[in-house]
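Novice: A structural model of the following input is requested.
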Amino acid sequence: MNNEQHSMPAYNSNQEALLMPEYGRMVQSMVQAAMEIPDKAARQQCARYIVSIMARMQDVKSERPDFEHKLWNHLARISHYQLDIDYPVDIVPEQEALAHPAPMAYPMKSIRRRHYGYLTEQMMNYLSECEDEEERTELLDLTANHMRQNLFTWNPDSMDADVVRQDLKVYTRGKVKLPQDFSFSPIVQDETQQLMGKKRKKKKNNGWRPS
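Specialist: Numbers count the residues shown, from 1 in each chain. Predicted coordinates for the structure are as follows:
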């Protein structure tokens, strides 16, 4: 039995961090070597060779109009924008390229019942003020069915015509009432909801029963 132990080489954590990991350390080392070439013409030729290697490493098609522009900008970034060559494309300034986009403002809306959502509440508000009889009838049909669908998506066990009828009355301050004989459209159920429904039925069927 061979008792000789083979130790794995330790990762050199002292190496410079990869600026663009998708190109690997080889490309980064080549860029650093190119920066040390004293002759500008030779440096330019080396840069073109590096860009050709970067192009082969990319998954996107080279026919894209911005493909070459992107590669040369990546080359500039890997070199910390210190590679002195004549770039064949416009290079985005370093501050602009490395700047983080400003955070987008999240539209905070006050929603009374989140399972309906903001748009549904807006539909009910408009319905309560709608005076055109034909439009009012069509909108009531759309709103009631949408509310029932939302209830089903949120919790199928809570889906009930009386809940829709009561909520619609509350939201519209009693201005809109759903008729007792209102006919709802069939529920649209996606594959995820079907699977969840099967699991609930299975769980109920496997419940403990006294012998």
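Novice: from H74, how far off is E22?
Specialist: Plainly put, E22 is 9 Å away from H74 if you go by C-beta to C-beta, to the nearest Å. C-beta here means a position set from N, CA and C on the backbone, and glycine is covered the same way.
Novice: quick one, which of those two is more surrounded?
Specialist: Higher neighbour count among E22 and H74: H74, with 21 against 11, using other C-beta atoms under 10 Å.
Novice: what does the helix or strand hosting that one contact?
Specialist: Per DSSP states H and E: H74 is located in helix 67-78. Here helix 67-78 makes contact (C-beta atoms under 8 Å, 6 or more residues apart in numbering) with 19-20, 23, 27-28, 31, 47, 50-51, 54-55, 58, 60-62, 83, 87-92, 94, 97-98.
Novice: next SSE after that helix?
Specialist: helix 94-98.
Novice: quick check: buried residues in the helix or strand following that following helix?
Specialist: Tracing the chain C-terminally past helix 94-98 and defining elements by DSSP H and E, one meets helix 118-129 next. Across helix 118-129, burial judged by 16 or more other C-beta atoms under 10 Å covers 120-121, 123-124, 127.
Novice: so which elements touch helix 118-129?
Specialist: In this structure, helix 118-129 packs against helix 133-154, helix 161-171, with contacts taken as 3 or more C-beta pairs under 8 Å, 6 or more residues apart in numbering; DSSP states H and E.
Novice: may I see the ones you listed arranged in JSON lines, with mean neighbour count and mean pLDDT as well?
Specialist: Converted to JSON lines, the helices and strands packed on helix 118-129 look like this (neighbours: other C-beta atoms under 10 Å; pLDDT from 0 to 100):
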{"stretch": "helix 133-154", "mean neighbour count": "17", "mean pLDDT": "87"}
{"stretch": "helix 161-171", "mean neighbour count": "16", "mean pLDDT": "86"}
